[in-house]
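> Here is my input; please provide its structure:
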Amino acid sequence: MTLAEEFRSRNFSIYGQWTGVLCIILCFALGIANIFHLHLIILFSVICLICAFILIFVEIPLLLRICPTSASFDAFIRRFSSNYMRAAIYFVMSLIQWLGIIVKATSLIAAAIVLLIAAAFYALAGLKGQEFQGSKTLGGQGVAQMIV
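Residues are numbered from 1 along each chain as shown. Next up is the predicted model:
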């Protein structure tokens, strides 16, 4: 299945996964960009960077295979194999970034918005009863089965 066919499949988990890749990039870039503030916003920047690294392993299952990680970390990441659990982690990450606006409005709001969109895609996939389907481009399907 090519990338175009994956997008035409109307499986919201595919949309969520690709939005998650965008979240990884945004969280990493905005986390670094906002870490230089002299406010409490530094805390939210560091949390955003941590979220980026967690999401890398959640969305790109191939990395669990090739990166040396502990068994407890692997077990933590495997918790997010269903649409509802992925929606939950994205929602919590988004909520944390939204709370950062209370301290000071920064560009971290972009990360909060995209994280919320990813949560919505995964929640829609769960509500529609669609089974999680990982993108083959990101190491899903065949590689994902080797991890389990």
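> quick one, longest helix in this protein?
Ranked by residue count and defined by DSSP state H, the top helix of the chain is helix 12-34.
> by contact count, what packs against that one?
Based on contacts counted as 3 or more C-beta pairs under 8 Å, 6 or more residues apart in numbering; DSSP states H and E, the elements that helix 12-34 packs against are helix 3-8, helix 41-59, helix 83-103, helix 108-127. Heads up, the C-betas are built off the backbone N, CA and C, glycines and all.
> Report how many residues lie close to the closest residue to I56 other than its chain neighbours.
Excluding its sequence neighbours, the residue lying closest to I56 (C-beta to C-beta, 6 or more residues apart in numbering) is I24, at 5.5 Å. Neighbours of I24 under the rule other C-beta atoms under 10 Å: 20.
> What of I14?
Neighbourhood size, I14 [other C-beta under 10 Å]: 26.
> How about E131?
Number of residues near E131 (other C-beta under 10 Å) recorded here: 10.
> Please report phi then psi for it.
Dihedral angles of E131 (phi, psi; degrees, to the nearest 10) stand at phi -70, psi 150.
> The residue in the chain sticking out farthest from the centre: what's it in contact with?
Note on the chain: the largest C-alpha distance from the chain mean falls to L38, namely 27.3 Å (C-alpha atoms, centre = their mean). By C-beta atoms under 8 Å, 6 or more residues apart in numbering, the contact set of L38 is empty.
> go on, the one 10 residues further on?
Listed by C-beta under 8 Å, 6+ apart, the contact partners of C48 are 27, 30-31, 34, 97, 108, 111.
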